[in-house]
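Colleague: coordinates only, no sequence provided:
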C-alpha cells in the first residue's frame, strides 16, 4: 500500500499519467488560462454581435417578424442597386478623405508652431490652450455651437451682411451642407493630430538638426530630410486611425443635419441608422452594417500591417 507521499503518484500511474507529464500539461495550458478572459469578452462583445448582424442580413423582416423569411444575399443585392446607398458612400468618401487630409495639414502646422523655439513660454501656453480647445468639447456641444454660429441669424451671416453679403443657409443648402459639416469635423478633430505629432516632434534628436545645419541644409531641407522621416510612423498611424474613425462618424452629422437636406450629408452611418430605426428594415440595415464592417476591416488590416512593419 503506498504511503501518503507516494499516493498521488500511484493515483496518477493508475490513470496513465506521471507527475512529469501532468506538470508539462499544466505549463502548456497556463498561457490559455491567461488569455481566456479576453477571449470570452471578445466573444461576448464582438464575435456574437457581429454574427447576429450577419445572420439578420440574410433574412427579410428580421427582428420585426417572429418568422422572418430567409432571402440569402437578396438584401445585399437590393442595397447595392440602391442609388441612395451609393450617394451615402460617395459622401462618406468625400467627408472622410477631406477631413483626414485637413487634420494632417492643420495638426502638423500647429505642432510645428508649438514646437518652435521662437515662441515664448507664456505665448506657447496660450496657443496650446486655444488649439486644444475644440478637443475639450463633446460632440453635442460642438453640434449646438456650430448650428448657432451657422444659423441664418448667427455670427457668420452677421459678418457677411456687415460686409454687404447675403445670408446663407449653410446647413440647409444642398450644395453647401456637406462642406459645412466637413469643416465642423475638421475643426473638432485636428487637435488629436496636433497633440500626437507634437509628441513625435519632441522626440526627434536635436543632433540630427545640428548635423543638417552643419551640412548647409536650409529650413525646408531640414523639414523634408529630418522632420518628416522621423515622424513618418506617427503620421501613417494617425492617418489610418483617423480614416477608420471618421468614416464611421455618426453623432456629429445626426446632430447637425440629420443626413439632410434631402441626402446631401447622408453618410453610410446615417443611412444605415435610418434603414433600421426609420424604415424598420433591419435586414437591409444589417446588410449595410456588414458592408461597412468589411470596408473598415480593410483599413484595420492596413493599420496592423503598418504596425508589424514598424515593429520589425
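Modeller: Structure's in. What do you need? Being a predicted model, the structure only gives us computed values, none of them experimental.
Colleague: every contact and neighbour count from this point should use C-alpha atoms.
Modeller: Fine.
Colleague: flag the shaky bits of the protein, pLDDT-wise.
Modeller: By pLDDT under 70, the low-scoring segments of the chain are 1-19, 310-312.
Colleague: hmm, try it at 80
Modeller: Counting by pLDDT under 80, the chain contains low-confidence residues at 1-33, 62-65, 117-121, 123-125, 164-165, 303-304, 306-312.
Colleague: got the domain boundaries for it?
Modeller: Domain assignment for the chain by automatic domain parsing gives 7-47, 75-311.
Colleague: go through these and name the closest to residue 69.
Modeller: domain 75-311 (10.2 Å; C-alpha to C-alpha).
Colleague: hmm, back to that, pick the most deeply packed of the domains of the chain.
Modeller: domain 75-311 (a mean of 17; mean count of other C-alpha atoms under 10 Å).
Colleague: contacting residues around the residue lying closest to residue 257 once chain neighbours are set aside?
Modeller: Spatial nearest neighbour of residue 257, excluding adjacent residues (C-alpha to C-alpha, 6 or more residues apart in numbering): residue 171 at 6.4 Å. Applying C-alpha atoms under 8 Å, 6 or more residues apart in numbering to residue 171 gives the contacts 147, 150-151, 177-178, 180-181, 256-257, 261.
Colleague: pick the one among those residues closest to residue 201.
Modeller: residue 181 (30.2 Å).
Colleague: mind putting the domains of the chain in TSV, distance to residue 59 included?
Modeller: TSV is the format used below for the domains of the chain (distance: least, C-alpha to C-alpha, whole Å):
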stretch	distance to residue 59
domain 7-47	19
domain 75-311	6
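Colleague: looking at those, which is closest to residue 62?
Modeller: Closest of the domains of the chain to residue 62 is domain 75-311, at 5.5 Å (criterion: C-alpha to C-alpha).
Colleague: on that earlier part again, surely the residue nearest to residue 257 is in a helix?
Modeller: No - with DSSP: H, G, I helix; E, B strand; the rest coil as the criterion, residue 171 is coil rather than part of a helix.
Colleague: ok so, going back, distance to residue 37 for the contacts of residue 171 - can I get that in a markdown table?
Modeller: Formatted as a markdown table, the contacts of residue 171 follow (distance: C-alpha to C-alpha, whole Å):
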| residue | distance to residue 37 |
| --- | --- |
| 147 | 45 |
| 150 | 49 |
| 151 | 50 |
| 177 | 46 |
| 178 | 44 |
| 180 | 45 |
| 181 | 41 |
| 256 | 40 |
| 257 | 42 |
| 261 | 46 |
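Colleague: leaving out chain neighbours, which residue sits closest to residue 80?
Modeller: Residue nearest to residue 80 in three dimensions, not counting chain neighbours: residue 86, with 7.6 Å by C-alpha to C-alpha, 6+ apart.
Colleague: from residue 79, how far out is that neighbour?
Modeller: According to C-alpha to C-alpha, to the nearest Å, residue 86 stands 9 Å off from residue 79.
Colleague: also residue 223?
Modeller: Distance, residue 223 to residue 79, using C-alpha to C-alpha: 47 Å.
Colleague: buried residues in stretch 49-61?
Modeller: With burial defined by 16 or more other C-alpha atoms under 10 Å, the residues of stretch 49-61 counted as buried are 50, 53-61.
Colleague: for those residues, which one is nearest residue 138?
Modeller: For those, the nearest to residue 138 is residue 50 (28.0 Å; C-alpha to C-alpha).
Colleague: packing partners of the helix or strand hosting that closest one?
Modeller: Per DSSP states H and E: residue 50 is located in helix 48-56. Secondary-structure packing of helix 48-56 (3 or more C-alpha pairs under 8 Å, 6 or more residues apart in numbering; DSSP states H and E): helix 282-311.
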